[in-house]
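here is a sequence together with a model predicted from it:
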Amino acid sequence: MITVMQVCGGKNPGGAEAHFLRFCIELEKFENIHVVPVVRKGSWLESQFRELQITCYSLPFLGRYDLWTRYQLKTIAARTQAKIAQCWMSRAASSMPKVRGTVNIGRLGGYYALKNFQSMDWLVGATNDLRRHIIEGGHSADQTAVIPNFVNPPKPEVPPDTARLIIELGLQNKQVLFTPARLHPVKGLDLALTALSKLPDQYCYVIAGQGPEEAELKQQAKELGIADRVKFVGWTDNISQYCYLSDAFVVPSNHEPFGSVLLEAWSHRLPLISSDSEGAQAITTADKNALIFKRGDSDGLKKQILALFSDPTLQAKLIEQGFEEYQSQYTARSVLSRYVELYQRLSS
């Protein structure tokens, strides 16, 4: 049995935190692997683990000089005899001390400053470009791996619930675009609203998420005269319910190092329209499993939306090719098997 600490210091819900949660749940299903989640006290993750009745440790994670968290991480590693401590993002990695008998693995889903990962023995990047970032930052190529993200299969549709949501949101007989994202400038939602304002009134936009830009985005929608066509539905733990009422999945990000959200489009069999973010360039093939537009180009996004809805054959092609890519590369079993192989190698 290999005991693996999974450590995340994130406070609020977001893409990385959602991925951490499903990662821990799915990893525990592997034979001879025991997962010990360690999360931030008072965080969304702590509430999720408690709700699911999964035992977890919660610590303050107040920053690099939080000696209490460092001490407790060392104590947990020793008490559980953890062979691996996998740290997600900078806050967790900078808090995790060296512990005899435990191999520290830093997981990078973004272009984080490597100074925060100095106590890590190995680093794992989600894409080849993140591996380049890691090696150029001075970390040994021999102790660097590339393992992508994954998403779980969609939750089953409940048709009466879909019908109810369509009515509640006023989406009857509309062409529905959907984006799940943190409401933050990096996600490019302001650009998507600009593109929507250039489209006919039959197009509506559902945005699922929360974040610091919420008020500004709502104000922008009012100023553009499209407030009635933009539906802000808040954070959800179930994006499937919105995928089932949508016609296209839009990812307008200005910056997306990997983008598990791209995989959500494919797994839900929705045609994907994405900016040419780092993540999209790493995992998509333009005009095969996604339509791609240049970051910051609202006219480019509008053009791709119109192209998609004018060509049913193109829609079907994007859906099938995207789903095939998801099934072959980005399921929990295929991705986590690579992590387990790494854990076994480092624990031997």
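Yep, that arrived.

what about stretch 171-180, how long is it end to end?
17 Å (C-alpha to C-alpha, to the nearest Å).

got the contact list for that stretch?
With C-beta atoms under 8 Å, 6 or more residues apart in numbering as the test, stretch 171-180 has contacts from 165-166, 187, 189, 192, 196, 202-209, 231, 236, 239, 242-243, 245-252, 261, 264, 270, 305, 309. (C-beta placed from N, C-alpha, C; glycine too.)

ok, of those residues, which come out buried?
When the contacts of stretch 171-180 are checked for burial by 16 or more other C-beta atoms under 10 Å, the buried set is 165-166, 187, 189, 192, 196, 203-209, 231, 239, 242-243, 245-252, 261, 264, 270, 305, 309.

hang on, the earlier thing: looking at the contacts of stretch 171-180, which are in helices?
165, 166, 189, 192, 196, 242, 243, 261, 264, 305, 309 (DSSP state H).

the third one contacts residue 212, correct?
No. In this structure residue 189 lies outside contact range of residue 212 using C-beta atoms under 8 Å: 11.8 Å.

okay, and the common contacts of the two?
Common neighbours of residue 189 and residue 212 (C-beta under 8 Å, 6+ apart) are residue 183.

mean confidence for the biggest helix by length in the chain?
Looking only at the chain and at elements set by DSSP H, the helix with the highest residue count is helix 312-329. Helix 312-329 comes out with an average pLDDT of 97.

so which bits of the strand or helix carrying residue 337 are buried?
Secondary structure assignment for residue 337, by DSSP states H and E: helix 332-347. Within helix 332-347, the residues scored as buried using 16+ other C-beta under 10 Å are 332, 335, 336, 339, 340, 342, 343, 346.

skipping its backbone neighbours, what lies nearest the fifth one in space?
So the one you mean is residue 340. Distances taken as C-beta to C-beta, 6 or more residues apart in numbering place residue 30 nearest to residue 340, at 5.6 Å, with adjacent residues excluded.

distance-wise, check the one you found relative to residue 343.
Going from residue 30 to residue 343 by C-beta to C-beta, to the nearest Å gives 9 Å.

could you check the pLDDT of residue 257?
Residue 257 is given a pLDDT of 84.

give me the distance between the lowest-mean-pLDDT helix or strand in the chain and the centre of its chain.
In the chain, no helix or strand scores lower on mean pLDDT, DSSP states H and E than helix 278-283, which sits at a mean of 92. Relative to the chain's own centre, helix 278-283 is displaced by 13 Å; criterion: C-alpha atoms, centre = their mean, to the nearest Å.

tell me the buried residues in it?
For helix 278-283, by 16+ other C-beta under 10 Å, it's 278, 279, 280, 282, 283.

give me the neighbour count for residue 115.
Applying other C-beta atoms under 10 Å, we find 12 residues neighbouring residue 115.

now swap in residue 95 and tell me
Applying other C-beta under 10 Å, I find that residue 95 has 26 neighbouring residues.

and for residue 257, the neighbour number?
20.

contacting residues for it?
109, 110, 111, 126, 127, 129, 130, 278, 279.

if we go to 7 Å?
109, 110, 111, 126, 127, 130, 278, 279 (C-beta atoms under 7 Å, 6 or more residues apart in numbering).

among those, the buried ones, what's the ChimeraX command?
Per 16+ other C-beta under 10 Å, the buried members of those correspond to this ChimeraX selection:
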select :109,110,126,127,130,278,279
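
could I get the contacts of residue 257 as JSON lines with distance to residue 11?
Listed next are the contacts of residue 257 as JSON lines, based on distance: C-beta to C-beta, whole Å:
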{"residue": "109", "distance to residue 11": "17"}
{"residue": "110", "distance to residue 11": "16"}
{"residue": "111", "distance to residue 11": "21"}
{"residue": "126", "distance to residue 11": "21"}
{"residue": "127", "distance to residue 11": "25"}
{"residue": "130", "distance to residue 11": "23"}
{"residue": "278", "distance to residue 11": "25"}
{"residue": "279", "distance to residue 11": "23"}
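
next, count neighbours for residue 254.
16.

residue 38 is in contact with residue 61, isn't it?
No. At 9.1 Å, residue 38 and residue 61 do not qualify as touching, with contact defined as C-beta atoms under 7 Å.

comparing these two, which residue is more hemmed in?
residue 38 (27 against 23).

partner strands of the host helix or strand of the more buried one and their direction?
Residue 38 belongs to strand 33-40 when assigned by DSSP H and E. Paired strands of strand 33-40, with direction, are strand 2-8 (parallel), strand 57-59 (parallel) (DSSP bridges).

buried ones in the following helix or strand past that strand?
Helices and strands here follow DSSP H and E; after strand 33-40, the next one along the chain is helix 44-51. Buried residues in helix 44-51, counted by 16+ other C-beta under 10 Å: 44, 45, 46, 48, 49.
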